[in-house]
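J.: Need a 3D model of the following:
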Amino acid sequence: LVERIEAAFIEEYGLDSPEVREADTSTKRLKLVLATTDYVLAVESVQLQDNERADLVSRVYSNLFGYGPLDALFLDERVTTISLEGAVRAAVRYGHEDLTSLGTLFQDDAQFRRVLKRLLMDAGAELRADQPYIEAGLTIDERPVCITLVLPPVVIQPGADIRVHPKSLPTPESLVESGFWTTQAMELLAALMQSPHGVLVVGEPESGKTTLLSLLARWLPQPEQAIAVERAGEL
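T.: Next up is the predicted model:
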């Protein structure tokens, strides 16, 4: 039913028609999806319970205007990394734990590529055959997100690593309380940021470099005069 409704919606409206462009809010877009859903259910003579119909509409809306099966992961504040190997393998990291396999999230390769294209489009980038490596940043539900994409011929199948940051940074004091660093370390870093000395942050991938840099930036003596040069806009 999801595939049938999506096909009917695309046949009726396309993905970039005047009607879709005018539906510039979630409420307006949802009205279009509801109309198509009711039409398909009537044609197919399918009767659903209210909760089943709501779930159906939610899945169709997510596939057409959201990020499909990734939407639920972006809403989960525990998720810090989403790793995708084509349409067949997906894994997720909660906090700083090891990656946990989720198996297959996508219906097929077409849905996988459609979600990647939407992510890149919202990040101001595009999926191109002549650009096998892409890194871009965007904000999803107030969370800074970085997507790193590697495409054939560099790899056999498209792969994506998606880093998801929290909506708000931890405070320096909360990091002392959690044992992440000591009061002395916090005071030393704060003093360094206000001194004429430079600071170099080095670490393994996903070790917290961006989070630490964002915290250090708060201690700059004149942050309004700072310039950040970065590929994905995560700070």
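J.: so who does the most centrally placed residue in the chain touch?
T.: Note on the chain: the residue nearest the mean C-alpha position is Val145, at 5.1 Å, using C-alpha atoms, centre = their mean. Val145 makes contacts with 74, 137-139, 162-165, as judged by C-beta atoms under 8 Å, 6 or more residues apart in numbering. From N, CA and C alone the C-beta is placed, and that goes for glycine too.
J.: Of these, just say which sits nearest to Leu151.
T.: Ile162 (15.0 Å; C-beta to C-beta).
J.: give the contact list for the closest residue to Ala23 other than its chain neighbours.
T.: Distances taken as C-beta to C-beta, 6 or more residues apart in numbering place Arg29 nearest to Ala23, at 4.5 Å, with adjacent residues excluded. The neighbours of Arg29, taking C-beta under 8 Å, 6+ apart as the test, are 20, 23, 61, 64-65.
J.: likewise Pro223?
T.: Counting by C-beta under 8 Å, 6+ apart, Pro223 has contacts Ala217.
J.: Taking the contacts of Arg29 together, which two end up most distant?
T.: It's Val20 and Tyr61 that sit farthest apart of those, by C-beta to C-beta, at 12.7 Å.
J.: circling back to that earlier point, how about the contacts of Arg29 in JSON lines, adding pLDDT and neighbour count?
T.: Listed next are the contacts of Arg29 as JSON lines, based on pLDDT from 0 to 100; neighbours: other C-beta atoms under 10 Å:
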{"residue": "Val20", "pLDDT": "83", "neighbour count": "18"}
{"residue": "Ala23", "pLDDT": "84", "neighbour count": "18"}
{"residue": "Tyr61", "pLDDT": "90", "neighbour count": "20"}
{"residue": "Leu64", "pLDDT": "87", "neighbour count": "21"}
{"residue": "Phe65", "pLDDT": "86", "neighbour count": "17"}
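J.: In helices only, show me the residues you listed.
T.: Under the assignment DSSP state H, the contacts of Arg29 contribute 20, 61, 64-65 to helices.
J.: Helices along this structure, start to end?
T.: According to DSSP H, the helices that the chain contains are 2-13, 18-22, 26-43, 50-65, 71-75, 109-122, 172-177, 183-193, 209-217.
J.: nearest to Leu84, of the ones you listed?
T.: helix 109-122 (7.5 Å).
J.: which strands and helices sit next to the closest one?
T.: Helix 109-122 makes packing contacts with strand 133-140, strand 143-150 when contacts are defined by 3 or more C-beta pairs under 8 Å, 6 or more residues apart in numbering; DSSP states H and E.
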